[in-house]
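Visitor: Need coordinates for the below:
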Amino acid sequence: MLATFFVSWVLLSGLSVLWSLATPIAAAPDEPAHMVKAASIALGEYSGAFGRDGTKVDVPEYVAWTHAQTCTANNEDATADCIPGVPGDPDAIVESATTAGLYNPLYYLLVGWPTLLSGDSSGVYAMRIVSAVIAAGFLALAAMMISTWRHRALPLIALGVTITPMVLFLSGTVNPNSVEIAATLAAFTAILSVVIQADPRLLTSRSAIAAVAGLVAANMRGLSPLWVAVAVLAPLLLADRDRLRMLIRSTAVRIAAGVIAASAIFAVIWVLTSNSLAAHVDPATTATEVPYFGASPVTGFFLMLAQLGNQMREMVGVFGWLDTAAPTEVYILWTLLIGGLVISSLLLLKTRQRLFVAVLAGSFVILPALAQAAFIRGGGFIWQGRYALPLLAILLIGAGTVLAKRFDSLPPDIARTLILGTGVAWAAAQSYAFASVLHRYAVGAHGPWPELFLAPRWAPPGGAILLVAVFLALGIATSWAAIRLAATRPTRLRG
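Guide: Residues are numbered from 1 along each chain as shown. Here you go, the predicted model:
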């Protein structure tokens with residue numbers, strides 16, 4: 001259903017682009033490093049001399065200057081009017097440093113090219129917008145595939161739960177984490193579609209989506225190949241032997257599997273040969289600046305388990321440089337929705353389906369803990385909740401998928417109420433989180449709310465009133481489209 005894809009793409013792109021405008025320059029996690037990397041790739045510089053501050057590269061002055069524009073970081077009362085302008089010629093090529101210099105170049109190739117077209121800080125917003133549109137495209141692919149499922153109401157709700165305020169915020173910034181989340185989800189949804197929706201006419205298109213999404217997802221960040229492995233292999237637990245034999249005989253499936261495997265192998269080789277996961281660690285400074293540096297892997301593992309609640313909070317929405325919390329009501333809503341999906345699936349499902357959800361849930365809890373355990377001795381405790389968002393995304397979609405038949409067996413009035421209530425709550429919570437972040441940067445976290453619209457110390461492009469109004473309208477439109485899609489009979493894609 002191509003109409004579903006394009007409508008979803010436009011709506012989700014709009015919401016993400018609004019986040020890109022509402023977030024001040026350099027007010028997203030590690031964004032200066034990613035911007036410098038992207039701009040240097042656009043200029044053809046794939047590597048540079050590695051120093052204490054990172055890889056030395058040449059970029060436009062306005063991109064290099066983002067390192068000096070982080071005055072709002074870690075200070076919730078600092079408004080964005082503290083951000084200094086770019087001195088001298090913004091378009092002059094200067095030397096800068098990036099701690100992302102050794103990272104896989106694919107994401108930066110996709111988003112860095114707007115810096116070739118801009119000579120000032122509008123290039124920063126242009127990179128963000130390109131990243132937002134790419135991430136939204138993969139989320140829209142997931143929505144399109146779910147729209148072809150016979151039992152799709154609950155998976156659509158799960159997709160909404162997956163798109164937390166943090167996902168939209170990250171989509172509107174220059175950070176490979178955003179596309180990693182969306183592409184991993186698209187690959188997982190495509191594989192699920194191939195496994196559980198037996199429609200030979202759609203096999204080729206779904207396999208192609210899985211291949212492209214898997215290729216992109218695997219090459220976003222250092223741990224991405226691991227997340228993609230879970231996304232691709234876990235759905236096979238839902239297939240019986242006959243279905244597995246049929247898939248193995250399919251040329252389209254074999255090609256997709258080969259593309260994903262080759263992409264993941266390339267990504268792993270890149271990480272190992274570049275040492276990108278640890279090369280930026282300086283033991284002389286890490287020991288004093290990063291907690292638990294030199295601790296044992298066992299300590300790192302159990303610290304992650306103890307921090308799971310806080311990690312979940314960050315996945316729902318802790319914005320800026322982890323300095324701007326979402327409203328409490330937003331956390332309550334997502335806690336109820338996430339808990340309802342996961343707990344219900346573990347309690348109500350049959351053996352094969354319960355095992356599927358248990359594997360996804362176990363991967364979500366255990367794999368990040370193992371990754372941090374392996375890193376803590378040489379790099380300290382550095383994990384942020386957003387790093388595991390790809391695993392949360394596939395867990396929620398997986399739980400919603402295997403519960404879908406039970407949801408559709410509910411009395412129609414109850415099902416409609418749940419769909420409508422979730423849609424309304426989603427739009428309201430997303431808009432509230434968006435306005436709260438704007439409020440924090442315009443007047444400070446503790447500033448009077450009326451000043452956001454009447455006397456802001458900082459205003460985003462277009463102004464706060466316009467951005468909040470458009471975001472609310474797009475949020476309502478997105479919920480309305482999802483509600484209509486959940487309530488109508490499924491249509492088929494041309495495959």
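
Visitor: ok, which stretches of the protein are strands?
Guide: Under the criterion DSSP state E, strands of the chain are mapped to 50-51, 54-60, 93-98, 318-319, 324-325.

Visitor: just those: most buried one?
Guide: strand 318-319 (a mean of 25; mean count of other Cβ atoms under 10 Å). C-betas here are computed from N, CA, C, even on glycine.

Visitor: which strands and helices sit next to that one?
Guide: Counting by 3 or more Cβ pairs under 8 Å, 6 or more residues apart in numbering; DSSP states H and E, the packing neighbours recorded for strand 318-319 are helix 165-171, strand 324-325.

Visitor: Now tell me what touches the shortest one from outside.
Guide: Put plainly, it is strand 324-325. Identification of contacts with strand 324-325 by Cβ atoms under 8 Å, 6 or more residues apart in numbering yields 76, 313, 317-319, 436-437, 440, 445.

Visitor: rewinding a little: the strands of the chain: which one's closest to Arg221?
Guide: strand 93-98 (14.8 Å; Cβ to Cβ).

Visitor: partner strands of that closest one, parallel or antiparallel?
Guide: Applying DSSP bridges, strand 93-98 is found paired with strand 54-60 (antiparallel).

Visitor: per-residue confidence averaged over the strand it pairs with?
Guide: Average pLDDT, strand 54-60: 93.

Visitor: Contacts made by it with the rest, please.
Guide: Outside strand 54-60, the residues that touch it by Cβ under 8 Å, 6+ apart are 33, 36-37, 39-40, 43, 45, 47-50, 90-102, 115, 119, 123, 280.

Visitor: mind listing what the residue of the chain most remote from its centre touches?
Guide: Taking Cα atoms, centre = their mean, the residue of the chain most remote from its mean C-alpha position is Gly88, at 35.4 Å. By Cβ under 8 Å, 6+ apart, the contact set of Gly88 is Glu61.

Visitor: Quick check on it: phi, psi?
Guide: Dihedral pair for Gly88: phi 70, psi -150, per degrees, to the nearest 10.

Visitor: Just the pLDDT for it.
Guide: Reported pLDDT for Gly88: 88.

Visitor: Thr99 contacts Pro32, correct?
Guide: No - at 9.4 Å, Thr99 and Pro32 do not qualify as touching, with contact defined as Cβ atoms under 8 Å.

Visitor: Comparing the two, which residue is more hemmed in?
Guide: Neighbours were counted for Thr99 and for Pro32 using other Cβ atoms under 10 Å; Pro32 has more, 25 against 19.

Visitor: That one: what's its closest spatial neighbour, skipping adjacent residues?
Guide: With sequence-adjacent residues excluded and distances taken as Cβ to Cβ, 6 or more residues apart in numbering, Pro32 is closest to Thr66, at 4.0 Å.

Visitor: Quick check: the one you found vs Ile163, distance?
Guide: 27 Å (Cβ to Cβ, to the nearest Å).

Visitor: ok, now Ala425?
Guide: Applying Cβ to Cβ to Ala425 and Ile163 gives a distance of 13 Å.

Visitor: do the same with Val298
Guide: Separation of Val298 from Ile163 (Cβ to Cβ): 35 Å.

Visitor: between the two, which one's more packed in?
Guide: Just comparing Val298 and Ile163: by other Cβ under 10 Å the higher neighbour count belongs to Ile163, 25 against 10.

Visitor: Could I get the pLDDT score of the more buried one?
Guide: Confidence at Ile163, expressed as pLDDT, is 98.

Visitor: Now it: closest residue in space, sequence neighbours ignored.
Guide: The shortest distance from Ile163 to any non-neighbouring residue, by Cβ to Cβ, 6+ apart, is to Leu139 (6.6 Å).

Visitor: got the contact list for the closest residue to Trp227 other than its chain neighbours?
Guide: Leaving out its chain neighbours, the residue that sits closest to Trp227 by Cβ to Cβ, 6+ apart is Pro390, at 4.3 Å. Taking Cβ under 8 Å, 6+ apart as the contact definition, Pro390 lies against 180-181, 184-185, 217, 224, 227, 231.

Visitor: Closest to Arg416 out of the residues you listed?
Guide: Distances from Arg416 to these, taken by Cβ to Cβ, are shortest for Leu185, at 26.2 Å.

Visitor: Now, of the contacts of strand 324-325, which are buried?
Guide: 313, 317-319, 436-437, 440, 445 (16 or more other Cβ atoms under 10 Å).

Visitor: Any stretches of the stretch 301-450 of the chain with poor pLDDT?
Guide: Low-confidence segments of the stretch 301-450 of the chain (pLDDT under 70): none present.

Visitor: residue contacts, Ala100?
Guide: 30, 33-34, 36-37, 54-55, 108.
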